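**Student:** sharing a model prediction with you, sequence too.
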There are 2 protein chains.
Amino acid sequence: MPRLSQYVSALRPSVFATLTEKMKALGQPPIPLHLGDTFALPPPSARWENLDLTSPGNYRYSHPFGLPVLLSELAAKLDRHNGIPATPEWLQVTCGATQALHCSLQALVEPGQSVLLLAPYWPLFGGMVRCLGAEAVEVECAPRLLRQEVTLTQILQQAYKLNVKAVYFSNPNNPDGYVYSAEQLQQLADFAQQHDLWVFSDECYEHYLYEGARHLSLATLPGMAERTVSVYSFSKSYAMAGHRLGYAVAAPPIMNSIRRLANHTVYNVSPSLQKAGLETLRQADEFCAQWAPVYARERLRMARAVKAPLPAGGAYFFPEFSSAEAAWDYLERALQAGVALAPGAAFGEQYAHCLRICFTCVDEPTLERACQILAALA
Amino acid sequence: MPRLSQYVSALRPSVFATLTEKMKALGQPPIPLHLGDTFALPPPSARWENLDLTSPGNYRYSHPFGLPVLLSELAAKLDRHNGIPATPEWLQVTCGATQALHCSLQALVEPGQSVLLLAPYWPLFGGMVRCLGAEAVEVECAPRLLRQEVTLTQILQQAYKLNVKAVYFSNPNNPDGYVYSAEQLQQLADFAQQHDLWVFSDECYEHYLYEGARHLSLATLPGMAERTVSVYSFSKSYAMAGHRLGYAVAAPPIMNSIRRLANHTVYNVSPSLQKAGLETLRQADEFCAQWAPVYARERLRMARAVKAPLPAGGAYFFPEFSSAEAAWDYLERALQAGVALAPGAAFGEQYAHCLRICFTCVDEPTLERACQILAALA
């Protein structure tokens, strides 16, 4: 056999794989709080109810950038909701935010360059950077740190080195729910401009906000539209993870390159799925308003069972333990008691002493059972 | 603005883009023989008729490799139809053959390495190689050449150089419909083994065969399963291009790396689309048997209008003209007369004197009109 790509071979096996093996050995499936999903059933439009799917166009090749009518609707949403004055030329519809980030990364970063990942971070992005033959530099940026005297500017400047080409962060953050302040975003923007960097702004959890927390899109800051790729997802906002619908947003000179990559990865996103997305987007505010209080209740319920800072956004608690061993021991005991949690090591080398606990992925009665199990363990 | 990836920026603009601009200037849309599609409406199963889509599982994250039941059904098809003794461990369901090839390429080839493309070739694969920072080496391999004294072995040996890591070919070939003989496949296999190369075997047109032509899967040759990635598509075989469903097949040690890439590009393929694919696969033989004679008639109809070798497989004629200028002149005149054709330059640097003409993308009466227009031009 010839040699596989060294970059792909070098990917560390996911710690999730170990967890999956352990789960298989259980008598019955645990309550799956290790997932990153919502239990909400998406609106009927996402299930194609009352949508006409007879047109042959649904089964043929479609527009590589996305259906024009969906691009227009997304541009309007970005302007209204995010304050990004996007037009359809700023947009690429993708197979989930995953493909949006994958294409954006490959369009902007070359093998041998480095990308700063504000850690803890969404694991797949680290893998994408490594698969490309670029370097993923984990920058410890936990909320605990950011609440102290050190500024984000100081953290970033310390991590900087010559071949850094881009920064990745998610806001609200997966896994710890951190929501960046206007001041911190300005520090990040100044840093990116000083060193002429790209920024990948992962905003998948933009609709998961609690107690008045406010999410700001980095691209709205002066000078940032020309160096930011903002990424969004239908998966979290509208409970449609199965459909794999997301979108990347960037100024046209950047978008032209991202679009070429998207075209070379999947050609186009299924028009039937895009139609489901379009109808859903048209009733999105109502859907989000309906589910926000449910997630807020689930967050408070979990807060009573787990000792961890209350996340301002997102779908997770990310408690710290005294050591990596203590965290893994808790994970094992929770699993034996019927609750699956995600190992912290997946989210950065410095986080093996943490666990990620999703509070939106099961309904309230199931979450209540899980909370009782976890409370009894602590 | 920071610098974009030099590899992506260096992609030549598609000659299709010029064609698209010209088409926009027309009073009414031309008959689109420049496409690579079929006019067939897919079976009702592909349109989810009688399929239950109420299960919440359709709207949640799904298995990254593909639905287990679909993997089993595909393994059975590969064994029965292609003679590849695959098991589900050999498979990754993808967003079309496009994603299958993209992931396989990135899993096996590194920036700086070279890939031989048996030309003329499917344009997107060349772009994928270049986006990765690898070198796409076009190897002139036109049927005209292969019918002469020179053997495929001689052609390949002449193209070989030290950093060549892989070979890409499609069989039946897009754009010229060439179907490789058992002897030629053996020569390709010997070459790959001699130089320890990967082979990407694009078999999207496996069901498009005429007058007894027989398609053989390279992976069935001795010693080739450990170095071949075979790629298939629901788009052509079952007229489902809009759904973007395809699959990559390789021995498990290779597949493990491809799966990691697939996971990092789109996470999973929509379960609703996979269910449509599964039901369709179960009635595939009937569907293919129904459409084969239609495509065969369309091929003969086109043969009467265009002077070009009759393709043994695929969906296209690929006539040669006396020069690039003569070909482009014919394309322009056809367009003004109401028929769009694909410029040959898209399929390799050596093919600007050719045009690609699809005979499966419109129904028989429309094709008849197109043929009359083309015949009058010649």
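**Tutor:** Received, thanks. Small disclaimer: the values here were computed from a predicted structure and weren't measured.
**Student:** ok, and what's touching stretch A:248-260?
**Tutor:** Counting by C-beta atoms under 8 Å, 6 or more residues apart in numbering or on different chains, the neighbours of stretch A:248-260 from elsewhere in the structure are A:64-65, A:78, A:84, A:86, A:89-92, A:94, A:100-101, A:103-104, A:107-108, A:219, A:225-226, A:228-232, A:262, B:1, B:4-5, B:8-9, B:11, B:127, B:131. For every residue, glycine as well, the C-beta is placed using N, CA and C.
**Student:** could you rerun that using 7 Å?
**Tutor:** Residues from elsewhere that reach stretch A:248-260, judged by C-beta atoms under 7 Å, 6 or more residues apart in numbering or on different chains: A:65, A:78, A:84, A:86, A:89-92, A:94, A:100, A:103-104, A:107, A:225-226, A:228-231, B:1, B:4-5, B:8-9, B:11.
**Student:** may I have the phi/psi pair for residue A:168?
**Tutor:** As for residue A:168, its main-chain torsions (degrees, to the nearest 10) stand at phi -120, psi 130.
**Student:** could you do residue A:356 as well?
**Tutor:** On the backbone of residue A:356 - angles per degrees, to the nearest 10 - the values are phi -110, psi 130.
**Student:** that one touches residue A:173, doesn't it?
**Tutor:** No: under the criterion of C-beta atoms under 7 Å, residue A:356 lies out of contact with residue A:173, with a separation of 11.1 Å.
**Student:** coming back round to it: which members of the contacts of stretch A:248-260 are classed as buried?
**Tutor:** With neighbours counted using 16 or more other C-beta atoms under 10 Å in any protein chain shown, these contain these buried positions: A:65, A:78, A:84, A:86, A:90-92, A:94, A:100, A:103-104, A:107, A:225, A:228-231, B:4-5, B:8, B:11.
**Student:** out of those, which are inside strands?
**Tutor:** Cross-referencing these with the strands (criterion: DSSP state E) gives A:91-92, A:94, A:228-231 as the overlap.
**Student:** got the CA positions of stretch A:227-244 in PDB?
**Tutor:** Output of stretch A:227-244 as PDB, limited to C-alpha atoms (Å, rounded to 0.1, in the frame of the first residue of the first chain):
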ATOM      1  CA  ARG A 227     -10.700  39.800   6.700                       C
ATOM      2  CA  THR A 228     -13.500  37.900   8.400                       C
ATOM      3  CA  VAL A 229     -15.400  34.800   7.300                       C
ATOM      4  CA  SER A 230     -18.600  34.500   9.400                       C
ATOM      5  CA  VAL A 231     -20.200  31.000   9.600                       C
ATOM      6  CA  TYR A 232     -23.700  30.100  10.500                       C
ATOM      7  CA  SER A 233     -25.800  27.000  10.800                       C
ATOM      8  CA  PHE A 234     -29.400  25.900  10.400                       C
ATOM      9  CA  SER A 235     -28.500  22.900  12.700                       C
ATOM     10  CA  LYS A 236     -28.600  24.800  16.000                       C
ATOM     11  CA  SER A 237     -30.800  27.800  15.300                       C
ATOM     12  CA  TYR A 238     -33.700  25.800  13.600                       C
ATOM     13  CA  ALA A 239     -33.000  22.200  14.900                       C
ATOM     14  CA  MET A 240     -32.200  20.900  11.500                       C
ATOM     15  CA  ALA A 241     -28.800  19.200  12.100                       C
ATOM     16  CA  GLY A 242     -29.800  16.200   9.900                       C
ATOM     17  CA  HIS A 243     -30.200  18.400   6.900                       C
ATOM     18  CA  ARG A 244     -26.700  19.700   7.000                       C
END
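**Student:** average pLDDT across that stretch?
**Tutor:** The average pLDDT for stretch A:227-244 rounds to 96.
**Student:** okay, now residue A:327: neighbour count?
**Tutor:** 22 (other C-beta atoms under 10 Å in any protein chain shown).
**Student:** can you redo the ones in strands among the buried ones among the contacts of stretch A:248-260 as CSV with distance to chain B?
**Tutor:** As requested, these are exported to CSV (distance: C-beta to the nearest C-beta, whole Å):
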residue, distance to chain B
A:91, 18
A:92, 13
A:94, 8
A:228, 11
A:229, 11
A:230, 15
A:231, 13
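**Student:** widest-spaced pair of those residues?
**Tutor:** Pairwise distances among these were taken by C-beta to C-beta; the largest, 16.5 Å, belongs to A:94 and A:228.
**Student:** list the buried ones in the biggest helix by length in chain A?
**Tutor:** Determined from DSSP state H, the single longest helix within chain A is helix A:284-305. When burial is assessed from 16+ other C-beta under 10 Å, helix A:284-305 yields the following buried residues: A:284, A:287-288, A:291, A:295, A:298-299, A:302-303, A:305.
**Student:** what does it contact?
**Tutor:** When contacts are taken as C-beta under 7 Å, 6+ apart, the neighbours of helix A:284-305 outside the stretch itself are A:40, A:43, A:207-208, A:210, A:237-238, A:310, A:317, A:357, A:359-360, A:364, A:367-368, A:371, A:374-375.
**Student:** try 6 Å this time
**Tutor:** Among residues not part of helix A:284-305, those counted as contacts by C-beta atoms under 6 Å, 6 or more residues apart in numbering or on different chains are A:40, A:43, A:207, A:210, A:238, A:310, A:317, A:359-360, A:367, A:371, A:374-375.
**Student:** alright, that wraps it up for me.
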